[in-house]
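*Asks:* just a sequence and a predicted model for now, questions to come.
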Amino acid sequence: MKKILGLLVILFIIVLGWSYFFLPSSETVTASMTMNAPATRVYSLLTKQNEWSKWWPAQSTNQEATSLEYNGNNYRVGAEGVNTIEIVIQQKDSVTTGRILVILKTIDTCDLVWSVQVNPGSNPFKKIKYYFSDDTLKADMTSILHSLKKFVEKQENLYGMRIEKAQVTDTVLVATRGNFSHYPSTQEIYALIEKLNNYIKTGNVSETNFPMLNIDQADSNLYNVMVAIPTSRSLNGKGNIELKRMIPGKIIWGEVKGGPYSVEAAIKKLENFRIDYHLTSPAIPFASLVTDRMKEPDTTKWITRVYYPVF
């Protein structure tokens, strides 16, 4: 019995000596992953702590949480830098700070490299503890990145709607404008559309798509409104009704339900997509009014397609 106890003591001393002299006092734990999504959009998402619950690998009931838990550790966003986000990890008896570096690879691909510096110090017991826990931490970091990857590689999650690419088919339109000291009402917008409808009837041509709308707020007291209707052939225009032509090039578009605020937000999402993918626009974005707003007063049922010409 004494021999066994003696051997255990010797083994214990050897382990302590090994940990003290051969285990490092600090170590970097790194996890990396490629994301098929624009770097700027992924970085923006990572900086918004209140949106982490949308992609976090563990379910959270607190949508406004300042930190999220995974496998017993809590994670929260720290300082932001150039293409880097500081991630603070609260473990049971320590706080560790690491950084996620977002590296641009191509327009629609980026690499995320997450590095955490673990510093157990010279205490041999802590060194042993961290030596056996590093693999667990790395596995957790990899799982978190994988969950993020699944989320960002679905376009609707990044932009709030499905964005399609297409060719412009409605190249001939008639258009008219109106100026208002307030945000134009549905009745005022459709009065302009009705003017175009009446003019189209006199030209013996047919409408080829839904009415188009663009509202530009020049200042707090001026809203410039343009409505247009695609036609089967060109009309010269009359008075304040004019012929418009669209370049038969490329266009990005999406569909949204809701009132004016939802439409404006959808156009902003197209703008974000355009910027992320380095697209240039030869013309203004516009809304295609699928639902006749005069016949359907419930804005939650309005369907609108938003378009942005690009090249």
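*Replies:* Great, that's in hand. Residues are numbered from 1 along each chain as shown.

*Asks:* can you show me the helices along the chain?
*Replies:* In the chain, the helices defined using DSSP state H lie at 2-22, 39-47, 124-152, 155-159, 186-202, 260-276.

*Asks:* list the buried ones in the fifth one?
*Replies:* The one in question is helix 186-202. By neighbour count on 16 or more other CB atoms under 10 Å, the buried set for helix 186-202 is 186, 189-190, 192-193, 195-196, 199-200. Just so you know, the C-beta spots here come from the backbone N, C-alpha and C atoms, and that holds for glycine as well.

*Asks:* with stretch 252-259 instead?
*Replies:* So stretch 252-259, judged by 16+ other CB under 10 Å, has buried residues 252-254, 256-258.

*Asks:* stretch 202-216 now?
*Replies:* In stretch 202-216, counting by 16+ other CB under 10 Å, buried: 203, 205, 207, 210-215.

*Asks:* quick one: end-to-end distance for that stretch.
*Replies:* Stretch 202-216 has its terminal residues 30 Å apart, counting by CA to CA, to the nearest Å.

*Asks:* mind checking how far it is from the chain centre?
*Replies:* How far stretch 202-216 lies from its chain's middle: 32 Å, per CA atoms, centre = their mean, to the nearest Å.

*Asks:* how many residues are close by Lys269?
*Replies:* By other CB atoms under 10 Å, the residues close to Lys269 number 19.

*Asks:* spatially nearest residue to it (excluding sequence neighbours)?
*Replies:* Spatial nearest neighbour of Lys269, excluding adjacent residues (CB to CB, 6 or more residues apart in numbering): Tyr159 at 4.7 Å.

*Asks:* over to Gly160?
*Replies:* Lys269 (5.4 Å).

*Asks:* so for that neighbour, what's the pLDDT?
*Replies:* You'll see Lys269 listed with a pLDDT of 97.

*Asks:* ditto for Ile13
*Replies:* 55.

*Asks:* just the one 10 residues further on next, same as before
*Replies:* According to the model's per-residue confidence, Leu23 sits at a pLDDT of 47.

*Asks:* tell me the pLDDT of Ser60.
*Replies:* 62.

*Asks:* could you export the buried residues of stretch 202-216 as CSV, including pLDDT and distance to Val42?
*Replies:* Shown next, in CSV, are those (pLDDT from 0 to 100; distance: CB to CB, whole Å):
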residue, pLDDT, distance to Val42
Gly203, 89, 50
Val205, 94, 47
Glu207, 96, 42
Phe210, 98, 35
Pro211, 98, 37
Met212, 98, 33
Leu213, 98, 33
Asn214, 98, 31
Ile215, 97, 32
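
*Asks:* list just the nearest of those residues to Ala39.
*Replies:* Asn214 (30.7 Å; CB to CB).

*Asks:* residues contacting that closest one?
*Replies:* Each residue near Asn214 by CB atoms under 8 Å, 6 or more residues apart in numbering is listed here: 225-227, 284-287.

*Asks:* top of these by number of neighbours, please.
*Replies:* Top of the contacts of Asn214 by neighbour count (other CB under 10 Å): Val227, with 27 neighbours.

*Asks:* ok, now which ones touch the residue nearest to it when sequence neighbours are not counted?
*Replies:* Closest residue in space to Val227, ignoring its immediate chain neighbours: Leu192 at 4.6 Å, by CB to CB, 6+ apart. By CB under 8 Å, 6+ apart, Leu192 lies in contact with 176-178, 225, 227.

*Asks:* so where is this protein shaky, pLDDT-wise?
*Replies:* Where the chain drops to pLDDT under 70, the residues are 1-26, 60-65, 119-134.

*Asks:* ok, the residue nearest to Lys269 - contacts?
*Replies:* Taking CB under 8 Å, 6+ apart, one finds 41, 254, 269, 272-273 in contact with Tyr159.

*Asks:* related to what we said a few turns ago, of the buried residues of stretch 252-259, closest to Ser234?
*Replies:* Closest to Ser234, out of all of the buried residues of stretch 252-259 and judged by CB to CB, is Trp253, at 23.3 Å.

*Asks:* my guess is that closest one contacts Gln167. True?
*Replies:* No. Using CB atoms under 8 Å, Trp253 makes no contact with Gln167, being 11.0 Å away.

*Asks:* show me which of the buried residues of stretch 252-259 is closest to Leu46.
*Replies:* Using CB to CB, Gly254 comes nearest to Leu46 of those, at 23.9 Å.

*Asks:* what about the residue lying closest to that closest one once chain neighbours are set aside, neighbour count?
*Replies:* Counting by CB to CB, 6+ apart, Met161 is the residue found nearest to Gly254 once chain neighbours are left out, at 4.4 Å. Using other CB under 10 Å, Met161 has 20 neighbouring residues.
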